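Colleague: coords please:
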Amino acid sequence: MSRLAQYAAFLGIALMACASDPVAGAPDSAPVETGPATEAALGERMNANTVTVVTGTPGGTYFRVGAEFAFVLDDGDRLRILPILGKGAGENAYDIRFLKGVDLGFVRTDTLDQLRQDKRLKNIEQQIHYIAKLFNDEMHIIAPKSVRTISDLAGKRISFDVKGSGTD
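Modeller: Sure thing, here's the model as predicted:
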């Protein structure tokens, strides 16, 4: 563990310890937050601040970033992030638009152009909106030794991913 991580952990533990001991002379009449009184109230509270995010295939960048969002941003009752495995950028856009319960998703910046080509979709710009650019997309080229340049790939099959992913 790095020295910075050790300091951060120590600071976090110290703050939790201080927060658990009431300060001498502090009034005991501070309101105590209680949980929901009924099963229905519990369900309503849990669903009120839950956000589902369709990510990507296991091991892919979208999946890892979605898991990190859940780990870092999830704070229980105030915000709960639920990552959902997806098939990749292209299919994620359809999932965001049509699947019940999908709030957000990871797509590529050119995905909206891809959706405009689908004649079944009308006014797609009014249905899906980009929120933020999060990272530059990864591209890995793995080929046999006979491939020395990108132009050597001309006419060859170059992508093996899930149908509907951004690599179609």
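Colleague: surely N92 is in contact with G86?
Modeller: Yes - with contact defined as Cβ atoms under 8 Å, N92 reaches G86; the gap is 4.7 Å. Every residue, glycine included, has its C-beta placed from N, CA and C.
Colleague: now for these two: what residues contact both?
Modeller: Both N92 and G86 are contacted by V54, T55, G56, Y62, G105, F106, under the criterion Cβ atoms under 8 Å, 6 or more residues apart in numbering.
Colleague: please produce JSON lines containing those residues, extended by pLDDT.
Modeller: Conversion of the shared contacts of N92 and G86 to JSON lines gives the following (pLDDT from 0 to 100):
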{"residue": "V54", "pLDDT": "96"}
{"residue": "T55", "pLDDT": "95"}
{"residue": "G56", "pLDDT": "92"}
{"residue": "Y62", "pLDDT": "91"}
{"residue": "G105", "pLDDT": "95"}
{"residue": "F106", "pLDDT": "93"}
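Colleague: which one of those sits closest to I158?
Modeller: Distance to I158, by Cβ to Cβ, is smallest for G56 among those, at 18.8 Å.
Colleague: check contacts around the closest one.
Modeller: If you count contacts by Cβ under 8 Å, 6+ apart, G56 has them with Y62, F63, G66, L85, G86, K87, G88, A89, N92, F106, S165.
Colleague: try 6 Å
Modeller: G56 is in contact with Y62, F63, G86, G88, counting by Cβ atoms under 6 Å, 6 or more residues apart in numbering.
Colleague: next, count neighbours for A40.
Modeller: Here the neighbour count serves as a burial measure; for A40 (other Cβ atoms under 10 Å) it reads 9.
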